[in-house]
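Novice: Okay, here's the prediction I keep looking at, along with the sequence it came from:
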Amino acid sequence: MDAGCAKPPHYARATLSDWLPNRTPSSHAIYQVKKQLLLAIFFSLLGLTSRAQNKEKDFVVKANGDTLRGTIRNSFYRPGREAARLQQGKTTLQFNPDEIAGYGRPYKQVLVSRQVGAKGAPEFVRPIALGYLSLYAGTNAENELRFYVQPADSAYLVEIAPQNAMLTLNRLMGDCPALDFGAEATRRRFPYSRRGMLDLVKTYNTCRQPAQPTRVMEPKGALVFRFGVKAGLHASRFNFGPESASPVNFKPSYQFGVTLNMQRRSRFSTQIELNYLSLKNEFEQAVISPSIITSSRAVTLALDYKQLQLPILLRYQLTNGPVRAFINAGPCAGFNFSNASTLKTKYVYLNDSQTSPYQLPESISAGFVAGAGLLFKIPTGHLLSLEARVDHLYDGLRKSYAAESDFQNPQHTSFRLDAGILF
């Protein structure tokens, strides 16, 4: 067969250089340096999300109002009748609930001493909401979470035990016509949890004393953590540089993941995600030889691989209320695996074709993501989310050259629609 008509030699793995001519890989050493630099930046960003250590001293407020400073040496979630221990230098002071008004840590947790039951002894409890009817939380002798309410004009707290919570709540809050404690819907709406009990007390106070606000006792600067799950669909467009072919078949695919949102008492929050994406697309390019017509061929690239994404997002909440609009953006690292991409070459005049695995440019990607969406608060206190997002990632840190004066990294852009829930 004439040399001009001969097919190129069979290769086990096709790369970008095999498809697009005049491309040579850059130095592998440069790639390794950039890869290490990306990982260093990535883990540095993770470190920024941790809270700085509070250097202010803990405190104990005595019954006469005097304040002692030092370091609290017992857990804030120990049984309510356990003594508080304050260390001052080498000296450790111990205080029972009937000896002090309370103790705490600046900008973090505060416990106060309150009598539980008409004839009960004082215990350390955590204030959650103060108002017409107030809500507290504590720990019993079995290290179990317990909630307490203080009705209006009462000098002591009433324990809400989980086994008969609805009966106790009906006795204390049954005078609100908006609350039916005999209905299963009320039990589901106000579960025995901090959020459920807080929503219940706020609902009751609004019903009985709408002009008197309920003050939620969240320590200033405290982080609120919300875990979530999400899933959705996307379509991706790939770009391999100036000589790229146009996609002939956009293939919608799917993604799902988990989220961790960290928010202080402001409109800003930080969200870290771990997402699994299935990336697919198909391209076609006709290569026509100007000298030997029998070398003309059609090349079809079918991309199909998986990616783990880890974006770190700064989120800003635009509105408050039951429906909240937000925007977010941030850097993103991606890790590519399970590559099933293929490169099919069809020789037009030889009525023959050849299919080979297509090797991804690199196993690691980097870029940025941005999106906007809505949060819907549901009766359980959870947040449903709906978000439209754009991902733009460079899928190879090692540069591939199209010409001496023109080089570009392979990259792709995904248009995503996600739905999820934050707990």
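Specialist: Good, I have the coordinates.
Novice: Spell out, range by range, the strands that occur in the stretch 301-423 of the chain.
Specialist: 323-337, 342-347, 352-357, 364-377, 383-394, 400-403, 406-408, 411-422 (DSSP state E, counting those that start in this stretch).
Novice: Any chance of JSON lines for these, columns distance to Arg267 and mean pLDDT?
Specialist: Placement of C-beta: from N, CA and C, glycine included. As requested, the strands of the stretch 301-423 of the chain are exported to JSON lines (distance: least, Cβ to Cβ, whole Å; pLDDT from 0 to 100):
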{"stretch": "strand 323-337", "distance to Arg267": "9", "mean pLDDT": "93"}
{"stretch": "strand 342-347", "distance to Arg267": "47", "mean pLDDT": "80"}
{"stretch": "strand 352-357", "distance to Arg267": "48", "mean pLDDT": "81"}
{"stretch": "strand 364-377", "distance to Arg267": "12", "mean pLDDT": "92"}
{"stretch": "strand 383-394", "distance to Arg267": "15", "mean pLDDT": "94"}
{"stretch": "strand 400-403", "distance to Arg267": "43", "mean pLDDT": "38"}
{"stretch": "strand 406-408", "distance to Arg267": "38", "mean pLDDT": "37"}
{"stretch": "strand 411-422", "distance to Arg267": "16", "mean pLDDT": "92"}
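Novice: possible to save the ones you listed as JSON lines with distance to Glu184 and mean neighbour count?
Specialist: Below are the strands of the stretch 301-423 of the chain laid out as JSON lines (distance: least, Cβ to Cβ, whole Å; neighbours: other Cβ atoms under 10 Å):
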{"stretch": "strand 323-337", "distance to Glu184": "27", "mean neighbour count": "17"}
{"stretch": "strand 342-347", "distance to Glu184": "55", "mean neighbour count": "18"}
{"stretch": "strand 352-357", "distance to Glu184": "57", "mean neighbour count": "14"}
{"stretch": "strand 364-377", "distance to Glu184": "21", "mean neighbour count": "18"}
{"stretch": "strand 383-394", "distance to Glu184": "22", "mean neighbour count": "18"}
{"stretch": "strand 400-403", "distance to Glu184": "63", "mean neighbour count": "16"}
{"stretch": "strand 406-408", "distance to Glu184": "61", "mean neighbour count": "14"}
{"stretch": "strand 411-422", "distance to Glu184": "22", "mean neighbour count": "18"}
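Novice: Redo these as TSV? Include distance to Glu99.
Specialist: Shown next, in TSV, are these (distance: least, Cβ to Cβ, whole Å):
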stretch	distance to Glu99
strand 323-337	45
strand 342-347	76
strand 352-357	75
strand 364-377	42
strand 383-394	42
strand 400-403	73
strand 406-408	72
strand 411-422	41
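Novice: Can you say which of those strands is nearest to Arg189?
Specialist: The closest of those to Arg189 is strand 364-377. By Cβ to Cβ, the value is 12.5 Å.
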